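# Provided below are the primary sequence and the corresponding predicted coordinates.
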Amino acid sequence: MPHPEPVARRMYDLVEPIGLVPYFADESDEELMALGLRNVWDAYFAGRAAPLGRAASPEVVHAIFYNFAPGEVARHIPKVWDLTTPEAALAARERGCAAGMRRILGDLADDPGVARAADLLLKAATSAPVEGRPLYAALRTVPVPQEPVARLWHTATLLREHRGDGHTVALVAEGIGGTEAHVLHSLSVNLPAKDFGRVWHLPAAQLEAVIEGMRTRGLIGPDGWLTPAGHATKDRVEALTDRLAEAPYNTLTPTELADLITDLEPISKTFRATFPM
C-alpha cells in the first residue's frame, strides 16, 4: 500500500505556483525596474533580499540564498541599494505581484476563496519557529498586506521561504553545494545540466568541474546521469525538506486544512496553466 502524501508536499504543490509570481509575472520586474534598477537580476536580488535590509553583505545574501554560483550575488548586492531602498523594493514587489496575480486570475481574483485562503495561509505562515530560518525570519518582519490578493501572495512567499530555508538545511546535511543542487535537480528530471536554466550560463569548464566533483563522489555515473546513489541522495533531500516544512501546517485543524486545500486548488491550477513549471 503506498504511503500517504506528506501534508507539506501537498501544500508545496498548491503554494509554490503562487510563490513563483515574482519570477514569472512581468509586473513584478516592471515595478522594480521603475525604481532605477539596471536589469531583471537587479530586480530579483532587490526584491528577494529586501527583507534582510541594506546591511546584509553579498557574502551573507550568498550564504542565505545558497544556490548561486560564486560572484553572482556580488554583481547586484549592495549595488542595488545605491539605486533604491529595501523599503521601496518591498513595496514595488508587492504592487507588481498583486497586479500580476489579478491579471492571471481574472474574475477568480475577487472570489471569496482568495480571502479565505489568504487568512488560513497567514495563520500557518506566522506560526512556525524562526530559528535556523534566516530568510523566513526576515520576511516575518514585513507588514502583512490587507488586500486579499496581495495577502495571499505574501503568505505564499512566507511559506515558500520557510520551505526554502529548510531545503538548504537538507542540502547541507547531504553535502550538496549550491551549484550542485541545480545539477542534482536537473539530472533527476532527465535534463542535462548544461541545458538547465539556472546553470547553463556558467562557463563550461566551471560547470564540468562541479559535475566531475559529483562524479567522483559517486552521485553521477560515467554516462553523465545520476547513479542509484545520486537518486537516493535526491530522495533524502526532498524527504527531509518535506519534514522540515510541516511545522506551519500543524497549527491548522483538519477542517481548516481541508478548506484551505479546496480554496487553493483552482487558484494554483490557474497559475500552473500559466507558468512553465
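Thanks, I have the structure now. Numbering: from 1, shown residues only.

# mean confidence for stretch 8-19?
What stretch 8-19 shows for mean pLDDT is 96.

# and for that stretch, what's in contact with it?
101, 121, 152-153, 156-157, 159-160, 163, 241-243, 245-246, 249, 261, 264-265, 267-268, 271-272, 275, 277 (CB atoms under 8 Å, 6 or more residues apart in numbering). (Glycine included, C-beta is placed from N, CA and C.)

# where in the stretch 1-150 of the chain is pLDDT low?
Scanning the stretch 1-150 of the chain for pLDDT under 70 picks out the ranges 1-4.

# pretty sure Trp153 sits against Arg95.
No: with contacts defined as CB atoms under 8 Å, Trp153 does not count as touching Arg95, sitting 10.6 Å away.

# so those two - more neighbours on which side?
A direct count of neighbours by other CB atoms under 10 Å for Trp153 and Arg95 places Trp153 higher, at 27 against 18.

# nearest spatial neighbour of that one, chain-adjacent residues omitted?
In space, and not counting its chain neighbours, Trp153 is closest to Cys97: 4.6 Å by CB to CB, 6 or more residues apart in numbering.

# go through stretch 140-156 and flag the buried ones.
140, 142, 145, 148-156 (16 or more other CB atoms under 10 Å).

# now do the buried residues in the helix or strand containing Leu122.
Assigned by DSSP states H and E, Leu122 falls within helix 112-125. For helix 112-125, burial by neighbour count (16+ other CB under 10 Å) applies to 113-125.

# go on, stretch 32-39?
Within stretch 32-39, the residues that qualify as buried are 32-33, 35, 37, counting by 16+ other CB under 10 Å.

# for these, which one is nearest Pro6?
Leu32 (34.4 Å; CB to CB).

# what about the helices in the stretch 151-277 of the chain?
In the stretch 151-277 of the chain, the segments counted as helices under DSSP state H, counting those that start in this stretch are 178-188, 204-216, 228-244, 254-274.

# what are the buried residues along stretch 54-72?
Quick answer for stretch 54-72 (16+ other CB under 10 Å): 56, 58, 61-62, 64-69, 72.

# now do the same for the most centrally placed residue in the chain: its pLDDT.
With distances taken as CA atoms, centre = their mean, the residue of the chain nearest its centroid is Arg160 (5.0 Å). Looking at Arg160, its pLDDT stands at 98.
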